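In: what follows is a protein structure lacking sequence information:
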């Protein structure tokens, strides 16, 4: 025999725990971790932009 009230409580508890885990993952980083991630991302963008090649006169485009 299954107690439906207990089964419902277990189900709800598991759902709340899953939501809490998602929130911990999304919002659970310290300020230092967020700053480090932001700095790493900014550096990656700068490195990517620095490696770009400007179109030269051989492309046939008129710069002005």
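Out: Looks like it arrived, so ask away. Remember, it's a predicted structure, so these values are computed and weren't measured experimentally.
In: CA only for contacts and neighbour counts going forward, please
Out: OK.
In: what residue is smack in the middle of the protein?
Out: The C-alpha lying nearest the average C-alpha coordinate of the chain belongs to residue 26 (C-alpha atoms, centre = their mean; 7.9 Å).
In: name the helix or strand for it, please.
Out: Using DSSP states H and E, residue 26 maps to helix 4-27.
In: distance between that helix and the chain's centre?
Out: The chain centre lies 22 Å from the centre of helix 4-27; the measure is C-alpha atoms, centre = their mean, to the nearest Å.
In: tell me the helices and strands packed up against whichever strand or helix holds residue 37.
Out: According to DSSP H and E, residue 37 maps onto helix 31-50. Helices and strands touching helix 31-50, as assessed by 3 or more C-alpha pairs under 8 Å, 6 or more residues apart in numbering; DSSP states H and E, are absent.
In: what angle do the helix holding residue 26 and helix 31-50 make?
Out: Helix 4-27 and helix 31-50 are oriented at 50 degrees to each other (axes from the mean of the first three to the mean of the last three C-alpha atoms, to 10 degrees).
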